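**Q** Pasted the sequence and its predicted model underneath.
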Amino acid sequence: MPVSQAIPYTYGEWSLRETHERLRAMALGDPTQLVVASIGDSWTQFYGYYAGPVMRSLQAAYGDAGTGWTGLGFAGPGGAYLNGTAAYPASSVSGWSNPDDWGFAQYDSAPSPDLAASDSAVAGARITVSNGPSGCSSVRLLALGTDAGRIRYRWNGGEWAEASVAGTGHLAIRLANVPGAAWVLDLEGVSGTVNLAGLDVQKSGKGVRLHKLGGTGSRASQWVAVDAAQWQAGLAALDPRLVTVLLGTNDQAIYDPTTFKVHVQELITRVRAAVPAADILLIAPPENQLARQWPMKDYARALLELAQANDCAFLDLQPVFGEVPADYAAGSARPWFDPDGVHPAIETGGRAITDAILRLLVPPI
């Protein structure tokens, strides 16, 4: 059945003030940066759908300001849901010395920028981050403070350096002696309990950095269920000037559009309090193939109303995919969805999402 709705495809383009000014400044050669934080569910968490392609496209046009957030949260030892980075597999978390040494219960529930973290009270428990990019100006470790935790870290198998992760709330620890060349980083617990959320990998000079903050299976209700002050401190530490929000698919299975709207309003409020100057772009996914109780168009309308009320931009992906969900289902003439009926296909639907986002963000010549 068609899913036509009398709402605009986009709204509030002029509210992307920081985004357009910074991209234009970089196009003219000014040494500025645009830092993006992309919040969402699996559509954002999996680097291949749009987060990675959007970052690569913007960096190719404006410059590389680093790979940004590398999430260390993981849904179960050996599980599939490592948050990682938008630059995966070019930059990746390659493994844990012993998964049994780590607790992986903090997925879609930790007050970290991507709602995930890994904790351990075992001395010698290690996480290794591989394929770190060359030319980094800074690598910061974001941790959730504990009573008496200490870690040590080393670059490329060299000498260890120690740091404290004891404290309260979010800790942003600038790691010393970042190599100029590509790197492998080992992070290891020394004493106490350590609770590690992720890395912020930066480069100086003009360019774009994208923090991929998706959590597989997450709903808007989970993004606002965590401690507001801690989550806001983590987002503020990443200092984005554009925050995108793509939620709705998992919400559709649990609660109605009115409830969804309440949760997203709270998320907008928290983002605005954490990074007042940042633009906000609300993105509505298209209807999936599951024929759920509430149609996705009603969630899209809720997002549009929120954009109008909060000076946000809005992008509806329904017109991008088409009017009839069967027309873009797996096996159709336009197979833009995966066979699971809920995710976009990487090299078709994912490319269409990337194109739609870039058309809205990039100012015309």
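**A** That came through, no problem. Small disclaimer: the values here were computed from a predicted structure and weren't measured.

**Q** Tell me, how many residues neighbour the residue nearest to residue 121 when sequence neighbours are not counted?
**A** Among residues not flanking residue 121 along the chain, residue 193 sits closest, at 4.4 Å (Cβ to Cβ, 6 or more residues apart in numbering). Heads up, the C-betas are built off the backbone N, CA and C, glycines and all. Residues within reach of residue 193, counting by other Cβ atoms under 10 Å, total 18.

**Q** give the contact list for residue 193.
**A** Going by Cβ atoms under 8 Å, 6 or more residues apart in numbering, residue 193 touches 119, 120, 121, 146, 147, 148, 149.

**Q** what about 7 Å?
**A** 119, 121, 146, 149 (Cβ atoms under 7 Å, 6 or more residues apart in numbering).

**Q** do the same with residue 264
**A** With contact taken as Cβ under 7 Å, 6+ apart, residue 264 is in contact with 220, 245, 247, 303, 306.

**Q** one more time with 6 Å
**A** By Cβ atoms under 6 Å, 6 or more residues apart in numbering, the contact list for residue 264 reads 220, 306.

**Q** what about it, distance to residue 250?
**A** As defined by Cβ to Cβ, to the nearest Å, residue 264 lies at a distance of 13 Å from residue 250.

**Q** Residue 187 is in contact with residue 155, isn't it?
**A** No: with contacts counted by Cβ atoms under 6 Å, residue 187 stays clear of residue 155, the gap being 10.9 Å.

**Q** And the two? Which one has more around it.
**A** More crowded of residue 187 and residue 155, by other Cβ under 10 Å: residue 187, with 24 against 20.

**Q** Doesn't the more buried one belong to a helix?
**A** No: the assignment for residue 187, made by DSSP: H, G, I helix; E, B strand; the rest coil, is strand rather than a helix.

**Q** Check the gap between it and residue 152 for me.
**A** 8 Å.

**Q** what's across from residue 142 in the sheet?
**A** residue 172, residue 198 (DSSP bridges).

**Q** Count the neighbours of it for me.
**A** 26.

**Q** Go ahead and report the secondary structure state at residue 230.
**A** Classified using three-state DSSP, residue 230 is helix.

**Q** OK, contacts around the closest residue to it other than its chain neighbours?
**A** With sequence-adjacent residues excluded and distances taken as Cβ to Cβ, 6+ apart, residue 230 is closest to residue 111, at 3.6 Å. Taking Cβ under 6 Å, 6+ apart, we find residue 111 in contact with 226, 227, 230, 231.

**Q** Just the element for residue 111, please.
**A** According to DSSP states H and E, residue 111 maps onto no helix or strand at all.

**Q** cool, and residue 264?
**A** Assigned by DSSP H and E, residue 264 falls within helix 257-274.

**Q** and that helix, how far out from the chain's middle?
**A** Chain-centre distance of helix 257-274: 17 Å, with Cα atoms, centre = their mean, to the nearest Å.

**Q** buried stuff in it?
**A** Within helix 257-274, the residues that count as buried by 16 or more other Cβ atoms under 10 Å are 257, 259-261, 263-268, 270-272, 274.

**Q** How about stretch 16-23?
**A** Under 16+ other Cβ under 10 Å, the buried positions of stretch 16-23 are 16, 18, 19, 20, 21, 22, 23.

**Q** does the third one count as helix, strand or coil?
**A** For residue 19, the assignment made with three-state DSSP gives helix.

**Q** so how far is residue 358 from it?
**A** Here residue 19 is placed at a distance of 11 Å from residue 358 (Cβ to Cβ).

**Q** do the second one as well
**A** Between residue 18 and residue 358 the distance, using Cβ to Cβ, works out to 17 Å.

**Q** same thing with the first one?
**A** According to Cβ to Cβ, residue 16 stands 12 Å off from residue 358.

**Q** what's the answer for the last one, then?
**A** With distances taken as Cβ to Cβ, residue 23 is found 11 Å from residue 358.

**Q** For the helix or strand hosting residue 222, give me every contacting residue.
**A** Element membership of residue 222, judged by DSSP H and E, is helix 220-223. Contact with helix 220-223 is made by 108, 247, 251, 260, 263, 264, 267, as judged by Cβ under 6 Å, 6+ apart.

**Q** wait, which of these is closest to residue 284?
**A** Nearest to residue 284 among those: residue 247, at 9.0 Å, using Cβ to Cβ.

**Q** Now do the phi/psi pair for residue 39.
**A** Taking degrees, to the nearest 10, you get phi -100, psi 140 for the backbone angles of residue 39.

**Q** Apologies, that question was intended for residue 112.
**A** phi -100, psi 170.

**Q** now swap in residue 344 and tell me
**A** For residue 344, the backbone dihedrals (degrees, to the nearest 10) come out as phi -70, psi 150.
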